[in-house]
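Chemist: Below is the structure, and that's it, no one-letter string:
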């Protein structure tokens with residue numbers, strides 16, 4: 001009897017590879033978003049310093 005719910009070693013390796021790939025993509029998006037927020041904060045500070 002072979003159950004369809006059983007995972008093979010190959011299935012686990014593919015899952016690990018997919019999760020690792022998704023984590024790297026998420027890391028890139030977070031880095032870009034953080035960089036954008038830092039740039040925006042610097043611009044806001046520069047504008048406030050110019051006004052005051």
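Modeler: Alright, I've got the coordinates. Bear in mind that the values here come from a model prediction, so they are computed numbers and not experimental data. Numbering: from 1, shown residues only.

Chemist: hey, let's count contacts and neighbours off CA atoms from now on
Modeler: Noted.

Chemist: what residue ranges in the chain score low on pLDDT?
Modeler: 1-3 (pLDDT under 70).

Chemist: how much space is there between the residue nearest the centre of it and residue 39?
Modeler: For the chain, the residue nearest the mean C-alpha position is residue 26 (1.4 Å; C-alpha atoms, centre = their mean). Residue 26 sits 20 Å away from residue 39, going by C-alpha to C-alpha, to the nearest Å.

Chemist: Residue 51 too?
Modeler: Residue 51 is 18 Å from residue 39, by C-alpha to C-alpha.

Chemist: More neighbours: which of the two?
Modeler: residue 39 (12 against 7; other C-alpha atoms under 10 Å).

Chemist: where's that one, which helix or strand?
Modeler: Applying DSSP states H and E as the criterion places residue 39 in helix 9-51.

Chemist: From the chain's centroid, how far away is that helix?
Modeler: Helix 9-51 sits 5 Å away from the centroid of its parent chain (C-alpha atoms, centre = their mean, to the nearest Å).

Chemist: mind checking how far residue 10 is from residue 40?
Modeler: Taking C-alpha to C-alpha, one finds residue 10 at 45 Å from residue 40.

Chemist: Show me which of these two is the more surrounded one.
Modeler: Neighbour totals were compared for residue 10 and residue 40, and residue 40 leads with 12 against 9 (other C-alpha under 10 Å).

Chemist: ok, so what distance separates that one from residue 33?
Modeler: From residue 40 to residue 33 the distance is 11 Å (C-alpha to C-alpha).

Chemist: can you check residue 47 too?
Modeler: Per C-alpha to C-alpha, residue 47 is found 21 Å from residue 33.

Chemist: Count the neighbours of residue 46 for me.
Modeler: Residue 46: 12 neighbours (other C-alpha under 10 Å).

Chemist: Revised request: answer the last question for residue 17.
Modeler: 12.
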